[in-house]
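Student: here is my input; please provide its structure:
(3 chains)
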Amino acid sequence: MFNFSKKLIDWYLQNKRELPWRKTQDPYRIWLSEIILQQTRVEQGMPYYFKFVEAYPDIKALANAPEDDVLKLWQGLGYYSRARNLHATAKKVAFDFNSEFPNTYAEIKKLKGIGDYTASAIASICFDEAEAVVDGNVYRVLSRVFGIDTPIDSTPGKKEFKALAQQLIDPKDPATFNQAVMEFGATQCKPKNPYCLHCPFQQDCAAYASGKINELPVKQGKTKVRDRYFNYLIVLGPSGETILSQRDKKGIWRGLFEFPLLETEKPLKESRFRESLKNLKLPGVSSAVLVDDLDVESLVALTPEAIIHKLSHQKLHVHFWLLKIKDVSGLQTSSFEVFETYAVPRVIDRFMEDFDYKRYL
DNA sequence: AACACGGGGTG
DNA sequence: CACCCAGTGTT
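Tutor: As a prediction, this is how the structure comes out:
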């Protein structure tokens, strides 16, 4: 058997990118970077890493921030439970552990938002613990080089790849080994058009030998996408007041803010919109208020064509409506200026970029 | 074991 | 359009 670890680390030392979190072993910064990079490309996550380090230089600063501020800084990055768990774990470490980040794989993995991958990354990079990381890159590299076609999203597959990585890891330098596999997968052994022609493993690679580079890794999962129809109602009072709500319970965008939402099973014809509003409840000061009870001045369709917003497993058809009313008494309103300081879904943020409520006053 | 959870890049 | 990205938590 060829020396996988040595070849890999040699390649890494020659080809690695300079990344901001590669200059430190500070657990706070490594942890922060790893959470940001979950299911997120380096280029997409980088600006957020800089924003967070600047706003919250240490874990105490993060722990003492209001959750809404953390969400606002996370806005646009997606998978918002990462931000909520990040904040919860910062409080845990700051207040329960006296700001001392746990220093073993087992203890790190107990923290919210940290699974096998992230615990391994932090333990190896910060504390030199020989725990192998297995992320999408590792699956791809190992499945190809060793010709493994066990589905990576199956339980046996996860066990098999973790065991193999654990067997391959260099116990003398686990941090470099782990980062090397991932870097190799990200920039050399890419999903499409990998650079096989000048690959250090060309002579060793099972998939290259059998012409199965494009068949590996094997994934069985099939994510089905469902259609949803969102109608956002921008209620506008005489002085520029509007109504907001914060998403809670389960589902997408938990914790983010939005306008009152009417969701329907099927696309809603514009001609039928007014009557379908009858049962929509708006947050009132004492109790909920029905749209039907308001003194409506006008109703404007702001988006004749639905805005299509795609998530990994949902396709949203989004319309925005403007409902001008003459009297906001009894309603819970806030200003658009305040709204700007809250975290909102990307689709709303994008809409607000070229929507000026003052035009409608 | 299967599914939910965002948003953006790539071919 | 399908697939993927320095995955985790819930059911």
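Student: OK, contacts around residue A:273?
Tutor: For residue A:273, the contacting residues are A:231, A:299, A:301, A:321, by C-beta atoms under 8 Å, 6 or more residues apart in numbering. For glycine as for every other residue, the C-beta is placed from the backbone atoms N, C-alpha and C.
Student: ok, residue A:62 next?
Tutor: The neighbours of residue A:62, taking C-beta under 8 Å, 6+ apart as the test, are A:52, A:56, A:70, A:86-87, A:90, A:94.
Student: what's the closest of those to residue A:337?
Tutor: For residue A:337, the nearest member of the contacts of residue A:62 is residue A:70. The distance, counting by C-beta to C-beta, is 20.6 Å.
Student: assumed that closest one was part of a helix.
Tutor: Yes: counting by DSSP: H, G, I helix; E, B strand; the rest coil, residue A:70 falls inside a helix.
Student: mind putting the contacts of residue A:62 in a markdown table, neighbour count and pLDDT included?
Tutor: Supplementary listing: those in a markdown table, determined by neighbours: other C-beta atoms under 10 Å; pLDDT from 0 to 100:
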| residue | neighbour count | pLDDT |
| --- | --- | --- |
| A:52 | 22 | 98 |
| A:56 | 22 | 98 |
| A:70 | 23 | 98 |
| A:86 | 24 | 98 |
| A:87 | 22 | 98 |
| A:90 | 26 | 98 |
| A:94 | 19 | 98 |
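Student: list the buried residues for stretch A:272-287?
Tutor: By neighbour count, and taking 16 or more other C-beta atoms under 10 Å as the criterion, the buried residues in stretch A:272-287 are A:273, A:277, A:280, A:282.
Student: just the ones of those residues in helices?
Tutor: residue A:273 (DSSP state H).
Student: spit out the contact partners of residue A:40.
Tutor: The neighbourhood of residue A:40, defined by C-beta under 8 Å, 6+ apart, consists of A:77-79.
Student: compile the buried residues of stretch A:272-287 into JSON lines and extend it with columns for pLDDT and distance to residue A:327.
Tutor: Supplementary listing: these in JSON lines, determined by pLDDT from 0 to 100; distance: C-beta to C-beta, whole Å:
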{"residue": "A:273", "pLDDT": "89", "distance to residue A:327": "22"}
{"residue": "A:277", "pLDDT": "89", "distance to residue A:327": "17"}
{"residue": "A:280", "pLDDT": "89", "distance to residue A:327": "17"}
{"residue": "A:282", "pLDDT": "91", "distance to residue A:327": "13"}
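Student: okay, the buried residues of stretch A:272-287 in a markdown table with distance to residue A:40 next?
Tutor: What follows is those, written out as a markdown table (distance: C-beta to C-beta, whole Å):
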| residue | distance to residue A:40 |
| --- | --- |
| A:273 | 37 |
| A:277 | 38 |
| A:280 | 35 |
| A:282 | 36 |
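Student: just give me the closest of the buried residues of stretch A:272-287 to DNA strand C.
Tutor: residue A:273 (25.5 Å; C-beta to the nearest atom of the strand).
Student: so how far is DNA strand B from the closest one?
Tutor: When distances are taken as C-beta to the nearest atom of the strand, to the nearest Å, residue A:273 and DNA strand B turn out to be 24 Å apart.
Student: show me the shaky parts of the stretch 1-150 of chain A.
Tutor: Low-confidence segments of the stretch 1-150 of chain A (pLDDT under 70): none present.
Student: now do the helices in it.
Tutor: Counting by DSSP state H, counting those that start in this stretch, the stretch 1-150 of chain A has helices at residues A:4-15, A:27-37, A:42-55, A:59-63, A:67-74, A:81-91, A:105-108, A:116-127, A:136-145.
Student: wait, which of the contacts of residue A:40 is closest to DNA strand B?
Tutor: Using C-beta to the nearest atom of the strand, the shortest approach to DNA strand B within those belongs to residue A:78, at 2.5 Å.
Student: give me the neighbour count for that closest one.
Tutor: In terms of burial, residue A:78 registers 17 neighbours under the definition other C-beta atoms under 10 Å.
Student: who touches it in this structure?
Tutor: If a contact means C-beta under 8 Å, 6+ apart, then residue A:78 has A:39-40, A:346 as its contacts.
Student: residue A:254 now?
Tutor: Applying C-beta under 8 Å, 6+ apart, we find residue A:254 in contact with A:80-81, A:84, A:247-248.
Student: closest residue of the stretch 101-250 of chain A to DNA strand B?
Tutor: Ranking the residues of the stretch 101-250 of chain A by distance to DNA strand B (C-beta to the nearest atom of the strand) places residue A:155 first, at 2.3 Å.
Student: is it possible to mark the buried ones in the contacts of residue A:273?
Tutor: A:231, A:299, A:321.
Student: quick one: which of those sit in strands?
Tutor: A:231, A:299, A:321 (DSSP state E).
Student: got the contact list for the nearest residue to the second one once chain neighbours are set aside?
Tutor: Take residue A:299 and drop its neighbours on the chain: the residue closest to it by C-beta to C-beta, 6 or more residues apart in numbering is residue A:323, 5.5 Å away. Under the criterion of C-beta under 8 Å, 6+ apart, the neighbours of residue A:323 are A:233-236, A:277, A:291, A:294, A:296, A:298-299.
Student: of the contacts of residue A:78, which is the nearest to DNA strand C?
Tutor: Looking at the contacts of residue A:78 and their distance to DNA strand C, the nearest is residue A:39, at 4.5 Å (C-beta to the nearest atom of the strand).
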